[in-house]
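Chemist: Turn this into a model:
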Amino acid sequence: MISNEELIYNKLVELYPNSLKAISEISKNTTDDNFFVESQYKAFDFDDVKNCHLGCDDALHKSPDSLFLFNNALYFIEFKEGDAKPVDIRSKIHEAIATLYTICVKYLSDINREDFFNLNIRYAVMMRKGNPKTFLGALRNTSNRFRLKNLEGYIVKKTKVTNNPVDIVKTLRQLTQDSVLPLKIHNREHPVEEYT
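Modeler: Down below sits the predicted model:
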């Protein structure tokens, strides 16, 4: 039997067929034209999804960069470079959940409200590694940075924040069943790290 998570993911791909894009494109800092995670593996670019609620303006809202389906779980991944305010990172997952819900209401009416709030949804923020020069800088790179833990069990099952390239690769390898390889991680102030 197909899970509700898979039904939702498949519906998104059906509605937005051009949103399957290389991770290189999804994670790229377009402002500075810098790659972060360089891989040809195609992930779903959630930034393309519009909120389709009747009361909304059908515009793009803040959202995590990508969405993966793995083991009957939906994984939102935000690729982040530089500083970000906790409210911005937190609002992205709130908007994404609201958008998913309106998509279910509009296109997947068999997924009722109770089923929706029992979905296995996870949220990870993957940050470009910097070189913290102070204790405070190092502290900012911990999982408490965006205060996501208090969302666990509320709107998502699990959250994670990392700027460790090995951890980023491990997570992406898991989500793609190693199909993400080969890949490169572009860090600030550090050489490019290649993984095969």
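
Chemist: Next up, phi/psi of the most centrally placed residue in the chain, please.
Modeler: The chain has Ile77 as the residue nearest its centroid, 1.6 Å off, counting by CA atoms, centre = their mean. Dihedral angles of Ile77 (phi, psi; degrees, to the nearest 10) stand at phi -120, psi 130.

Chemist: what's near enough to touch the nearest residue to it once chain neighbours are set aside?
Modeler: Counting by CB to CB, 6 or more residues apart in numbering, Ile77 lies nearest to Ser66, which is 4.7 Å off, once chain neighbours are set aside. Any C-beta I mention is one placed from the backbone N, CA and C, and that applies to glycine too. Listed by CB atoms under 8 Å, 6 or more residues apart in numbering, the contact partners of Ser66 are 23, 26-27, 43-46, 76-77, 79.

Chemist: How about Leu119?
Modeler: Going by CB under 8 Å, 6+ apart, Leu119 touches 4-5, 8, 74, 100.

Chemist: And Leu74, by the same measure?
Modeler: Taking CB under 8 Å, 6+ apart as the test, what Leu74 contacts is 5, 8-9, 67-68, 100, 119-122.

Chemist: Could you dump the contacts of Leu119 into CSV with distance to Val156 and pLDDT added?
Modeler: Conversion of these to CSV gives the following (distance: CB to CB, whole Å; pLDDT from 0 to 100):
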residue, distance to Val156, pLDDT
Asn4, 15, 97
Glu5, 12, 98
Ile8, 14, 97
Leu74, 9, 98
Leu100, 11, 94
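
Chemist: How far does the helix or strand that contains Glu25 sit from its chain's centre?
Modeler: Using DSSP states H and E, Glu25 sits in helix 23-27. When C-alpha coordinates are averaged (CA atoms, centre = their mean, to the nearest Å), helix 23-27 and its chain have centres 11 Å apart.

Chemist: Check which strands are paired with whichever helix or strand comes after it and give the direction for each one.
Modeler: Per DSSP H and E, the first helix or strand lying C-terminal to helix 23-27 is strand 37-38. Looking at strand 37-38 with DSSP bridges, its partner strands are strand 183-185 (antiparallel).

Chemist: helices or strands up against whichever helix or strand comes after the partner strand?
Modeler: Going down the chain from strand 183-185, the next helix or strand is strand 193-195, by DSSP H and E. Identification of packing neighbours for strand 193-195 by 3 or more CB pairs under 8 Å, 6 or more residues apart in numbering; DSSP states H and E yields strand 183-185.

Chemist: And for the strand it packs on, what's in contact with it?
Modeler: 23, 35-39, 41, 129, 165, 168-169, 172, 192-195.

Chemist: go again using 10 Å as the cut-off
Modeler: Applying CB atoms under 10 Å, 6 or more residues apart in numbering, the external contacts of strand 183-185 come out as 23-24, 27, 35-41, 126, 128-129, 164-166, 168-169, 172-173, 176, 191-196.

Chemist: List only buried entries from those.
Modeler: Neighbour counting by 16 or more other CB atoms under 10 Å classes 23-24, 27, 35-39, 41, 126, 128-129, 165, 168-169, 172, 176, 195 among these as buried.
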